[in-house]
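> coords please:
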Amino acid sequence: MECDLIITNGTVLSMAPGSQPLADGAVAVRDGRIVAVAAAAELVEQVPTASILDAGGGLILPGFVNTHTHLAMTLLRGFADDLLLQEWLSQHIWPAEGAFMRPDTVAVGTRLAAAECIRAGVTTVCDMYFFALGIGEVLADVGLRAVVGEGLIDHPTPAAPSPEAGLRLSRELLQRFRSHPLVSGALAPHAPYSLSASNLVKAAELAEEFDAPLMIHLAETRKEVDELLRDKGVTPAAYLADLGILSERTIAAHCVHVSPDDLELLAELEVGVATNPVSNLKLSSGVAPVPQMLEAGVKVGFGTDGAASNNTLDLLRDAQLAALLYKGVSGSPTCLPARQLGEMLTLGGARVLGLDNRIGTLEIGKEADLVCLGVDAPHATPLHDPYSHLAYAARAADVLHVVVRGRILLQNRELLTIDERSTLTAARRVAAAFGRR
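All right, here's what the predicted structure looks like:
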């Protein structure tokens, strides 16, 4: 066997269905792909010349997949809080974005977000924002895997004066990243209430032309559902289905207010749902019926949403909160058990993004996206059950190493592909202008 990197000295959680934890395990990588998962002593002995990444006795598992976010909104962290969604969006966020979001500021916010994501063990992001071409370039540079879409709305955006211009930018994005090893383009119509039926259809047609993902906010608030029922006589999910928007390529964010019929529709059309528990709670949008989604066979992964409505990109924290939330809401301690939570953070998210043939588990042939979690802190000691530890005890601060496609992005808690100090300085400088406004 030939390999160029071995991640060793840890308990391997491959997250493959039916797999068991592999104590004293290791993962061997060659040219960005996994070539072996086996006992550490066996692999190190076979390839004594390979580079070694020591997990320090911790956990070795697939990287976390953030299925819905707006990365550059890190610059709006804490800018407008304790508001209902529509007021927050129309009176605060959209005006601030119109005044300050440009290619250079979006690049700064995206790089800041990338640093936060890597430190939190996130190796894949699904981002919907403006100036997406530049976002993709930043993420490719730092080495994160990404699905990136240009936000499409009927009114002018910071990047496009019209939906037609936004669609042209979307085509350019899809062409630029059509064969990129890490970044792929997507269509990103904002929501059923913010884009006309004809423009929604145009976005879906472009997604079909390129066989690209289509991400959209769906049924986030009760107001959205009630207004569409009043005006169209159907729920948002049924409305999009009637327009031909929903398919196995669709990534539907939120889905807080969905009916049992909606869930059947989402499952039948193989739509992936990006659930955002913390953002939905903070904006008082509600609690999505995630257990019912899973029971109906809907693909579900976790998302943070943007840092303006969360206010962090700590996906592990959000998933752990969800595990507790649904136990409390359902009255069942077995709701969203630890193993299932771990799978949703990794393989589940990969399925939502249509990337499960490439990432999401640590198996031979898949691309080497993984994270090592340390278990040497007081809050992490002792370790009885690694899945329980991940679901209830681990913290983002425990992330020791992060690898994407075989490239080490974080080693011994040190960022290798981002100049953290200059990134923080640039972000503070840009954010100061927001504050003055």
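
> which element follows the helix or strand harbouring residue 169 toward the C-terminus?
Element membership for residue 169 (DSSP states H and E) is helix 163-176. Going down the chain from helix 163-176, the next helix or strand is strand 183-189, by DSSP H and E.

> now that next one: how far from the chain's centre is it?
Put simply, strand 183-189 sits 13 Å off its chain's centre (CA atoms, centre = their mean, to the nearest Å).

> Show me the contact partners of that strand.
126, 128-129, 132, 136, 139-140, 145-152, 170, 173-178, 195, 199-200, 203-204, 206-207, 210, 212-216, 245, 251 (CB atoms under 8 Å, 6 or more residues apart in numbering). Every residue, glycine included, has its C-beta placed from N, CA and C.

> Just want to check the distance between residue 253 and residue 104.
As for residue 253, its distance to residue 104 is 27 Å (criterion: CB to CB, to the nearest Å).

> quick one, domains of the protein?
5-62+370-404, 64-352 (automatic domain parsing).

> Helices of the stretch 101-250 of the chain, residue ranges please.
103-119, 132-142, 163-176, 197-210, 222-232, 236-243 (DSSP state H, counting those that start in this stretch).

> now for the third one, which elements pack on it?
It stands for helix 163-176. helix 132-142, strand 145-152, strand 183-189, helix 197-210 (3 or more CB pairs under 8 Å, 6 or more residues apart in numbering; DSSP states H and E).

> Those: which one's closest to residue 17?
strand 145-152 (21.6 Å; CB to CB).

> Now the closest one: average pLDDT?
When pLDDT is averaged along strand 145-152, the result is 98.

> Where in the chain is the helix or strand with the lowest mean pLDDT?
Among the helices and strands of the chain, helix 85-87 carries the lowest confidence by mean pLDDT, DSSP states H and E, at a mean of 83.

> Any idea how far it is from the middle of the chain?
Taking mean C-alpha positions (CA atoms, centre = their mean), helix 85-87 and its chain are 23 Å apart.

> mind listing what's buried in that helix?
By neighbour count on 16 or more other CB atoms under 10 Å, the buried set for helix 85-87 is residue 85.

> Moving C-terminal from it, which element do we reach first?
In N-to-C order, the element after helix 85-87 by DSSP H and E is helix 94-100.

> How far away from the center of its chain is that next one?
With CA atoms, centre = their mean, you get 24 Å for helix 94-100.

> Just the buried positions in it, please.
Those would be 96-97, 100, for helix 94-100 by 16+ other CB under 10 Å.

> Columns pLDDT and distance to residue 433 on top of the residues you listed, output as TSV?
TSV is the format used below for the buried residues of helix 94-100 (pLDDT from 0 to 100; distance: CB to CB, whole Å):
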residue	pLDDT	distance to residue 433
96	88	10
97	89	13
100	90	6
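
> returning to that earlier point: could you flag which of the contacts of strand 183-189 are buried?
Here, 16+ other CB under 10 Å leaves 126, 128-129, 132, 136, 139-140, 145-152, 170, 173-174, 176-177, 195, 199-200, 203-204, 206-207, 210, 212-216, 245, 251 buried among those.

> Tell me which residue lies nearest the centroid of this protein.
Nearest to the mean C-alpha position of the chain, by CA atoms, centre = their mean, lies residue 66 at 1.4 Å.

> I'd say it and residue 128 touch.
No - applying CB atoms under 8 Å, one finds residue 66 not in contact with residue 128, separated by 11.6 Å.

> how big is the angle separating whichever strand or helix holds the residue nearest to the centre of the chain from strand 145-152?
Assigned by DSSP H and E, residue 66 belongs to strand 64-69. Strand 64-69 and strand 145-152 are oriented at 0 degrees to each other (axes from the mean of the first three to the mean of the last three CA atoms, to 10 degrees).

> Run me through the strand neighbours of strand 64-69, direction for each.
strand 122-129 (parallel) (DSSP bridges).

> and the angle from the partner strand to helix 103-119?
150 degrees.

> And strand 122-129, how far out from the chain middle?
5 Å.

> could I have that strand exported to PDB, CA atoms only?
Output in PDB follows, covering the C-alpha atoms of strand 122-129 (Å, rounded to 0.1, in the frame of the first residue of the first chain):
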ATOM      1  CA  VAL A 122     -16.600  22.000   9.600                       C
ATOM      2  CA  THR A 123     -15.100  20.700   6.400                       C
ATOM      3  CA  THR A 124     -18.000  21.400   4.000                       C
ATOM      4  CA  VAL A 125     -20.300  24.500   3.800                       C
ATOM      5  CA  CYS A 126     -23.400  25.200   1.700                       C
ATOM      6  CA  ASP A 127     -23.400  29.000   1.200                       C
ATOM      7  CA  MET A 128     -26.000  31.300  -0.200                       C
ATOM      8  CA  TYR A 129     -25.000  34.900  -0.500                       C
END
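
> So residue 253 and residue 104 - more neighbours on which side?
Using other CB atoms under 10 Å, the more surrounded residue of residue 253 and residue 104 is residue 253, with 26 against 12.

> check contacts around the more buried one.
67-68, 128, 215-218, 220, 273-274, 276, 303, 305.

> Derive a ChimeraX selection command for the buried subset of those.
In ChimeraX, this line selects whichever of the contacts of residue 253 come out buried by 16+ other CB under 10 Å:
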select :67,68,128,215,216,217,218,220,273,274,276,303,305
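
> Mind naming the longest strand for this structure?
Selection of the longest strand in the chain by residue count, based on DSSP state E, yields strand 51-62.

> What distance do you get for the residue of the chain positioned farthest from its centre to residue 39?
What lies farthest from the middle of the chain is residue 45; by CA atoms, centre = their mean that is 36.6 Å. Distance, residue 45 to residue 39, by CB to CB: 10 Å.

> List the contacts of residue 391.
Here residue 391 is in contact with 319-320, 323, 337-338, 341-342 (criterion: CB under 8 Å, 6+ apart).

> In PyMOL, how would I select the buried members of the residues you listed?
Selection of the buried residues among these in PyMOL, burial being defined by 16+ other CB under 10 Å:
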select buried, resi 319+320+323+338+341+342
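
> Can I get the contacts of residue 391 in a markdown table including distance to residue 241?
Listed next are these as a markdown table, based on distance: CB to CB, whole Å:
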| residue | distance to residue 241 |
| --- | --- |
| 319 | 28 |
| 320 | 33 |
| 323 | 30 |
| 337 | 31 |
| 338 | 34 |
| 341 | 29 |
| 342 | 31 |
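
> Which ones among the contacts of residue 391 map onto strands?
Those of the contacts of residue 391 lying in strands (DSSP E): none at all.

> quick one: which of the contacts of residue 391 is nearest to residue 422?
Of the contacts of residue 391, the one sitting nearest to residue 422 (CB to CB) turns out to be residue 319, at 30.9 Å.

> Relative to residue 284, how far out is the closest residue to the closest one other than its chain neighbours?
Once flanking residues are discounted, residue 319 sits nearest to residue 302: 4.9 Å by CB to CB, 6 or more residues apart in numbering. Distance, residue 302 to residue 284, by CB to CB: 20 Å.
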